[in-house]
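Q: quick one, fold the following:
(one chain, ligands or ions: 1)
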Amino acid sequence: MKDMKHYCDVLIIGSGIAGLTAALAASDAGLDVIVVTKEPDLRESNTFYAQGGIVCKGVDDSPELLTQDILSAGAGISNPEAARILAVDGPRYVEEFLINTIGVPFSRSESGELELAQEGSHSRRRILYSMDTTGKAIEESLVKKVRQCGNIRILEDHTAIDLLTIPHHSTNPLSLYMEPRCIGAYILNNQDERVERIFSAYTILATGGLGRIFLHTTNPVCATGDGFALASRAGARLINMEYIQFHPTSLFHRDADGFLISEALRGERARLTTRDGAPFMDRYSPLGDLAPRDEVSRAIYEEMIKRGDTYVYLDIASFATIDIQKRFPAIYEKCLSLGIDIANEPIPVVPAAHYACGGVYVDARGRTSLKNLYAIGEVSGTGLHGANRLASTSLLEGLVWGMRAVRDISETFDEAKSYKESDIAAWIYPDKEEEVDPALIHQDWLSIRSTMWNYVGIIRTFKRLDRAKADVGYLINRTNEFYRKARLNPLLLDLRNGIQTALIVVEAAFRNRKSRGAHYIA
Ligand code: SIN
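A: The predicted structure follows:
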């Protein structure tokens, strides 16, 4: 069987704002780039579905004020250096790169001024948006540009299996004495289900989040925690993995699959109410409906428990002074398709898993603890978000660290190979490959997602976490055993990563006895 190999200066795994920004910056620096995505369409990513917006600079705003808001939302453990970098570099990159270079169509007033939105815990109106489909506008502009670049190769429908590392994948016993490093990845071609090797001088993880390990999530199906699992198997350090942000308002409807109702609605005065129409957030926080997300999610949870309700309402119809349909066309259409007219009636909502505040530890240049491996965007742990992320900072973090990682790579670029390619093992297929049974995969996902939701959710207890550790631990052993004998396919790889990431979150939560931000122990 043919052993397919690819070579590049920079391998980027993932194609959201972080990955594609890095691809364009690396292409600009004259580097030869490969972008890999497990999806058949490069656009499919968490970024594509982002509604609210991206932080920029408001009137009377300053980097100091933004830094302060980030640190307050982070509940005392945000990395001040990361917050300062984002606040200083972020608005500049939005203007120079997103607006002037790739031409993202952000919403403007009739006189052509950029519109700014408000969201929870921001002391200024400073969020740029493109109606309620900001992520789509950004992603489509990036994809258009990337497809025009001759030195970016795109491998769609290719799933990363494992990072290629030395000494682990070297057959040369002397490589044990080398500093451990990443030299590329094993990738499954989803079409023919054969394994290919990519050899790269530098590898960037930009795989996004992990929301799909929870029963209720705002994330698309691709968010199975792949990068956290890949990095962990390669021996890279992860931090703050217990801090999973729950978004307070996902649409409560049988057919909605966690559809997000953007926080920007509360920025336009929408209020959370009980099912009998009484606003309740003022009883929980002086910031009312615009309190930090962890506080709002817990308040909703408490109200639901107290009243035996399965949802609360978000009422924009009674409170907003804007044209709801014009400002939020996608949310309006989606709700209307499910029989809810948000311009005239309240929206049933529940909290849902939304964002991993921690991730693969990186420094200010996006470098992980493993040589030549970088991580950017949601999969990374810059420390920016601390224990709870400030709204609309995630797209910006992907943009800023996408740029910074590539700057570091081009400043330190060294293409001299520190290993002999013939020492690196080709993929070994099992003698007799067992077929994957989709029914088993489906059931394993149900187990993980309900375990994570019920035991590792908005309110945790040690008893629940202990149970989760045992249940996820059992599943991981069973999956790993099957993985070794199986004919690989993308479903199995997603499951393997999802289970491993679930265990990483459970173990981090179990180790941390102190409630803080999004990690709340009852
Ligand atoms: C939202 O639109 O509410 C989500 C924005 C974010 O998570 O930053």
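
Q: regarding the protein, what is its longest strand?
A: Counting residues, the longest strand in the chain under DSSP state E turns out to be strand 194-205.

Q: partners of it in the sheet?
A: Looking at strand 194-205 with DSSP bridges, its partner strands are strand 5-13 (parallel), strand 181-189 (antiparallel), strand 373-375 (parallel).

Q: among these, which is nearest the ligand?
A: Each of the strands paired with strand 194-205 was checked against the ligand via CB to the nearest ligand atom, and the shortest separation belongs to strand 373-375, namely 19.2 Å. Backbone N, C-alpha and C define where each C-beta goes, glycine included.

Q: just the CA trace of the longest strand of the chain, in CSV.
A: Listed in CSV are the C-alpha atoms of strand 194-205, where the atom choice follows Å, rounded to 0.1, in the frame of the first residue of the first chain:
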residue,chain,number,x,y,z
ARG,A,194,-5.9,5.5,4.7
VAL,A,195,-3.3,7.2,6.9
GLU,A,196,-0.9,9.8,5.5
ARG,A,197,2.0,11.5,7.1
ILE,A,198,2.7,15.2,7.1
PHE,A,199,6.2,16.3,7.9
SER,A,200,6.4,20.0,9.0
ALA,A,201,9.0,22.2,10.5
TYR,A,202,6.3,23.7,12.7
THR,A,203,2.8,22.6,13.7
ILE,A,204,0.0,24.8,14.8
LEU,A,205,-3.1,23.4,16.6
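
Q: just the C-alphas of the helix or strand that comes right after that strand, formatted as CSV.
A: For strand 194-205, the following helix or strand on the C-terminal side (DSSP states H and E) is helix 226-233. Output of helix 226-233 as CSV, limited to C-alpha atoms (Å, rounded to 0.1, in the frame of the first residue of the first chain):
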residue,chain,number,x,y,z
ASP,A,226,-9.7,17.1,19.1
GLY,A,227,-6.7,19.4,19.8
PHE,A,228,-6.8,19.0,23.6
ALA,A,229,-6.6,15.2,23.1
LEU,A,230,-3.9,15.4,20.4
ALA,A,231,-1.7,17.7,22.6
SER,A,232,-2.3,15.6,25.7
ARG,A,233,-1.3,12.4,23.9
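
Q: ok, then the element right after helix 226-233?
A: Later in the chain than helix 226-233, the nearest helix or strand by DSSP H and E is strand 238-239.

Q: what about that following strand, average pLDDT?
A: Average pLDDT, strand 238-239: 98.

Q: how many other residues sit next to the closest residue to the ligand within the stretch 401-522 of the chain?
A: The nearest approach of the stretch 401-522 of the chain to the ligand comes at Ala518, 12.6 Å away (CB to the nearest ligand atom). Summarising burial for Ala518: neighbours were counted as other CB atoms under 10 Å, giving 29.

Q: now do Trp427
A: Trp427 is flanked by 18 other residues according to other CB under 10 Å.

Q: quick one: contacts for the residue of the chain found nearest the ligand?
A: Nearest residue of the chain to the ligand: Gly52, at 2.5 Å (CB to the nearest ligand atom). Remark: with contacts taken as CB atoms under 8 Å, 6 or more residues apart in numbering, Gly52 is in contact with Ala117, Glu119, Ile127, Tyr129, Asp132, Thr134, Ser262, Glu263, Ala264, Ala391, Ser392.

Q: so which one among the residues you listed has the lowest pLDDT?
A: Looking at pLDDT alone, the contacts of Gly52 dip lowest at Glu119, where the score is 91.

Q: assumed Ser27 was part of a strand.
A: No: assignment of Ser27 by DSSP: H, G, I helix; E, B strand; the rest coil gives helix, placing it outside any strand.

Q: on the three-state scheme, the residue nearest to it when sequence neighbours are not counted is what?
A: By the measure of CB to CB, 6 or more residues apart in numbering, the closest residue to Ser27 outside its immediate chain neighbours is Cys149, 4.5 Å from it. When the structure is reduced to helix, strand and coil (three-state DSSP), Cys149 reads as coil.
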